[in-house]
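[1] Pasted the sequence and its predicted model underneath.
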Amino acid sequence: MTCIVGIADGVNVYIGSDRSAADDITITSMCRPKVHIKNDFIFAYAGSFGTGQLMEMIVDLDITHDDPYFTIRLFMVEQMKKAIDAFGSTSEENVAQFLIGCKGRLFEFSTDDWSVIEVEESAVGSGGSISLGSLYTTKSIYTDHSIRIRMALEAAIHYSPTCAGPIDVLCL
């Protein structure tokens, strides 16, 4: 369980995450962050750690089309499917949600149904709805997206028993 928060402003993409690793009984903080920059992409994952790590380690995140949506939808999805077939499992427990940014644009990507949706700001994971509320209430107050993301993640950590720090926020 976790919380991932992202904001795109047309120029930059900001994504932040907590570091929780939780199940029905326990919660701990991971040493490695869940948010990464690889080539022209920034991304973070919620859900299956194994599936998220496949994106981090295996998937080739190069822009293959002028529109990042097409690169994600056509090429990254195909690479993730191959990686899961080779190194993972297709069980429901291995579903992951990603926020992926490129060229000032932000996308939600789910391995549940392989959907890719473009958004301006989003939050996913077990603390996602709490963070969305925070994003809404800070939109007209703060212009610094890093501050808004940090506040949204702090709200999820405070109110969700499945979210924990530290917090990582990156910008591309």
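    Yep, that arrived. Numbers count the residues shown, from 1 in each chain.
[2] pLDDT weak spots in this protein?
    Residues of the chain meeting the criterion pLDDT under 70: 59-65, 88-93.
[3] hey, where'd the strands end up in it?
    Assigned by DSSP state E, the strands in the chain fall at 3-8, 13-17, 20-22, 27-29, 35-38, 41-47, 96-102, 105-110, 116-119, 121-125, 168-171.
[4] In the fourth one, which residues are buried?
    Within strand 27-29, no residue qualifies as buried by neighbour count (16 or more other Cβ atoms under 10 Å). Every residue, glycine included, has its C-beta placed from N, CA and C.
[5] which secondary structure elements does that strand contact?
    strand 20-22 (3 or more Cβ pairs under 8 Å, 6 or more residues apart in numbering; DSSP states H and E).
[6] packing partners for the strand it packs on?
    With 3+ Cβ pairs under 8 Å, 6+ apart as the test, strand 20-22 has strand 27-29 packed against it.
[7] Name the residues that touch the strand it packs on?
    Surrounding strand 27-29, the residues in contact under the criterion Cβ atoms under 8 Å, 6 or more residues apart in numbering are 1, 19, 20, 21, 22, 161, 162, 164, 165, 166.
[8] Which entries within these meet the buried criterion?
    Buried members of the contacts of strand 27-29, counted by 16+ other Cβ under 10 Å: 1, 19, 20, 21, 22, 162, 164.
[9] For the closest residue to the last one other than its chain neighbours, which residues are in contact?
    Leaving aside its sequence neighbours, residue 164 sits nearest to residue 20 (Cβ to Cβ, 6 or more residues apart in numbering; 3.9 Å). Residue 20 sits next to 1, 2, 3, 27, 28, 29, 30, 162, 163, 164 when contact means Cβ under 8 Å, 6+ apart.
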